[in-house]
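In: pasting a predicted model and its sequence here:
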Amino acid sequence: MAERPDQLWVADFTYVSTWQGFVYVAFIIDVFAGYIVGWRVSSSMETTLVLDALEQALWARRPSGTIHHSDKGSQYVSLAYTQRLKEAGLLASTGSTGDSYDNAMAESINGLYKAEVIHRKSWKNRAEVELATLTWVDWYNNRRLLGRLGHTPPAEAEKLIMLPSETMIWQPEFTDKTLSGKIGAVH
């Protein structure tokens, strides 16, 4: 677990079958609240897919010293990707070969995405998948209530932790007991 935003990111990608062939969807997730900080849809699973998701995350968050964890897929251990992590000041971490538990949060996001979006219909093409992914990521980050966050969306959980400490009751243990951020509030 992470104690604050941008301490630990996890990354993975999955595939989606469309009428025009496979497309690939990459996600980068901030472990603290499960916020999706970067994503990309591509017709290719080349390194540019994961690099584009990384660039989006870097542009949105501008982290420093963040640990970036992924599996040992060729895209994530490529020279271009590892060099970009280094340039951005991120610390690369890869999991054990064949151990999906090492990257469980990223695998979980892929599973949710497929269950909540992809497996609900047939997809015509990349553009259709990309629009659905954009809509889902916005909903997931800003409106999906996560039990581990006290039934709070990831974006709201990140805002709550950033409140000045004297006004914040809610702690990153993600309990259901204290969420308002108001001292003395009864929950």
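Out: Arrived safely. Numbering: from 1, shown residues only.

In: domain map for the chain?
Out: 8-143, 145-187 (automatic domain parsing).

In: first to last residue in the first one, what's the distance?
Out: It stands for domain 8-143. For domain 8-143, the first and last residues are 22 Å from each other (Cα to Cα, to the nearest Å).

In: avg pLDDT for that domain?
Out: Here domain 8-143 scores 95 as its mean pLDDT.

In: ok now that domain, how far from the chain's centre?
Out: Centroid displacement of domain 8-143 relative to its chain, using Cα atoms, centre = their mean, to the nearest Å, is 7 Å.

In: ok, longest helix in this protein?
Out: In the chain, taking DSSP state H as the definition, the longest helix is helix 126-142.

In: residues touching that one, excluding its own?
Out: 16, 18, 20, 23, 25, 35-36, 39, 41-43, 112-113, 116-118, 123, 153-156 (Cβ atoms under 8 Å, 6 or more residues apart in numbering). Placement of C-beta: from N, CA and C, glycine included.

In: which of those count as buried?
Out: For those, a burial check counting by 16 or more other Cβ atoms under 10 Å picks out 16, 18, 23, 25, 35-36, 39, 41-42, 113, 117-118, 123, 153-156.

In: buried residues in stretch 143-159?
Out: Arg144, Leu146, Leu149, Gly150, Thr152, Pro153, Pro154, Ala155, Glu156, Ala157, Glu158.

In: ramachandran coordinates for the nearest residue to the second one once chain neighbours are set aside?
Out: What it means is Leu146. Leaving aside its sequence neighbours, Leu146 sits nearest to Gly34 (Cβ to Cβ, 6 or more residues apart in numbering; 6.1 Å). Here is the backbone geometry of Gly34 (degrees, to the nearest 10): phi 80, psi 20.

In: so who does Gly34 touch?
Out: Met105, Ile109, Leu146, Arg148, Leu149, Pro154.

In: any idea how far it lies from Ser74?
Out: 26 Å (Cβ to Cβ, to the nearest Å).
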